[in-house]
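Visitor: when you get a sec, could you give me coordinates for this:
(one chain, ligands or ions: 1)
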Amino acid sequence: MKRIAIFSSKPDDKQFLALANQDKNYELVHFENRLKPETVKLAEGFDGVSCFVNDIVDETALTELHRLGIGIIALRCAGFNNVDLETAQRLGIQVSRVPSYSPESVAEHAVAMILALNRKITRAHLRVKEHNFNLDGLMGFNLQSCTIGVIGTGKIGLATLRALSGFGSRLLCYDPFPSEAGAALGEYVDLPTLYRLSDVITLHCPLTEETYHLINREAIAQMKPGVMLVNTSRGALLNAQDALDGMKQGKIGYLGLDVYEMEGEIFFRDLSGRVLHDDVFALLLSYPNVLVTGHQGYFTREALTEIAQTTLANFDAYYAGHKTGNELF
Ligand code: NAI
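Guide: Below is the predicted model:
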């Protein structure tokens, strides 16, 4: 029986991995800790490890995993910006991921954020709970009459375009690798044009050296006054300080974040009653036109089922000496 250490595990991971393990024979040991250099020793005595989005799989952690004899890391996510792939490859540690698990889960969350921000649903809800039925300040706009820019037209970007196409908005998209599927749903334009024309911009590209702080002061300056920005992809696509400045100047009218660059120390845990030490994040939370969710775009029943099944299938293939195509090198 292979023993697998599941890092960054939450009760739902436990439940869905146990279901996926019903016809398999892994011993799954769950750790709430993120994998990082300080916690990597927990992997001692295991045959494989599984990590999540905010685990720090850097050179130090990988060197220790190698020393402990770990040959596989199965990521329970699509993005892999938190893994030093070069070092993993050099040490011969295979890294696999779940490249596609219900892209609709994230796409629908992005659309939910667009609608909630536009129609001020959370403010309206809080007001009505207090029996205040005044509509002042709650006016929205018709999505039908606006232009929406989608950056990144991979699996999630396309699912977002499909979902948005029902509103009748003009849909623009940007991707260095345009696809026919994307062109059938929206108009490909260059980034400056997308910035200039879009009332709403939603990010669906991966975090790479090229996309780090893609949305910064210069990009924001090119956007329409009052633009709505939604980021359900990776926090570091957006320079949060520049976004705050853009909001203070009224350049950004609405900001929806499911991800945040410094989320590693904040998200996926209950910090109720504690003081937040991240001033930028605390300020963002205080703005009435900012909507934050804690990296829950992926969090649907369908996605968790797929993540658990694919993760265990990735271990199956590794131990059987097969490839699945989910390996990162
Ligand atoms: P994908 O690999 O199918 O598509 C990514 C697309 O981005 C590709 O078409 C690629 O050509 C494009 N791209 C690459 N560089 C770009 C650039 N500089 N500008 C614009 N587009 C660029 O990936 P998928 O499945 O659509 O996921 C996208 C991202 O969503 C992931 O990398 C991950 O960061 C994020 N994600 C967020 C989740 C959440 O829970 N909030 C869950 C799953 C993924």
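Visitor: quick check, pLDDT for whichever residue of the stretch 151-300 of the chain sits closest to the ligand.
Guide: As assessed by C-beta to the nearest ligand atom, the ligand sits closest to Gly154 within the stretch 151-300 of the chain, at 1.6 Å. Using the backbone N, CA and C atoms, a C-beta is placed for each residue, glycine as well. Looking at Gly154, its pLDDT is 97.
Visitor: with adjacent residues omitted, what lies nearest to it?
Guide: Distance criterion C-beta to C-beta, 6 or more residues apart in numbering; nearest residue to Gly154, sequence neighbours excluded, is His204 at 6.7 Å.
Visitor: same check on Ile252?
Guide: Per C-beta to C-beta, 6+ apart, closest to Ile252 is Gly246, 4.1 Å.
Visitor: spit out the contact partners of that neighbour.
Guide: Arg217, Ile220, Ile252 (C-beta atoms under 8 Å, 6 or more residues apart in numbering).
Visitor: most surrounded residue in those residues?
Guide: Looking at these with neighbours defined as other C-beta atoms under 10 Å, the largest count falls to Ile252 at 26 neighbours.
Visitor: bridging residues for it?
Guide: Beta bridges link Ile252 to Val227 when assigned by DSSP bridges.
Visitor: now do the contacts for it.
Guide: By C-beta under 8 Å, 6+ apart, the contact set of Ile252 is Ile220, Met223, Gly226, Val227, Met228, Leu229, Ala243, Gly246.
Visitor: Val280 and Asn239 touch, don't they?
Guide: No - in this structure Val280 lies outside contact range of Asn239 using C-beta atoms under 8 Å: 9.9 Å.
Visitor: of those two, which one has the most company?
Guide: Neighbour tally, Val280 and Asn239, criterion other C-beta under 10 Å: the higher count belongs to Asn239, 21 against 16.
Visitor: doesn't Asn216 make contact with that one?
Guide: Yes - contact criterion C-beta under 8 Å: Asn239 and Asn216 qualify, at 4.4 Å.
Visitor: now the helices for this protein?
Guide: 11-20, 59-67, 85-91, 103-118, 121-129, 155-164, 180-185, 191-197, 217-221, 240-248, 279-286, 301-320 (DSSP state H).
Visitor: who in the stretch 201-329 of the chain is up against the ligand?
Guide: Within the stretch 201-329 of the chain, the positions adjacent to the ligand are 204-207, 210-211, 232-234, 258-259, 295, 297-298 by C-beta under 6 Å from any ligand atom.
Visitor: show the buried residues in those.
Guide: Among these, those buried by neighbour count (16 or more other C-beta atoms under 10 Å) are 204-207, 211, 232-234, 258-259, 295, 297-298.
Visitor: next, give me the two most distant ones among the residues you listed.
Guide: Thr211 and Tyr298 (19.0 Å; C-beta to C-beta).
Visitor: quick one, what contacts the residue of the stretch 151-300 of the chain closest to the ligand?
Guide: Contacts of Gly154 (C-beta under 8 Å, 6+ apart): Asp175, His204, Cys205, Pro206.
Visitor: next one: Leu244
Guide: Going by C-beta under 8 Å, 6+ apart, Leu244 touches Val280, Leu283, Leu284.
Visitor: for Glu86, see how far away the last one is.
Guide: As defined by C-beta to C-beta, to the nearest Å, Leu284 lies at a distance of 33 Å from Glu86.
Visitor: compare those two (neighbour count), which wins?
Guide: Neighbours were counted for Leu284 and for Glu86 using other C-beta under 10 Å; Leu284 has more, 19 against 11.
Visitor: that one touches Val292, doesn't it?
Guide: Yes - under the criterion of C-beta under 8 Å, Leu284 makes contact with Val292 at 6.7 Å.
Visitor: what do those two both touch?
Guide: When contacts are counted by C-beta under 8 Å, 6+ apart, Leu284 and Val292 have Leu257, Tyr260 as shared neighbours.
Visitor: cheers, nothing more for now.
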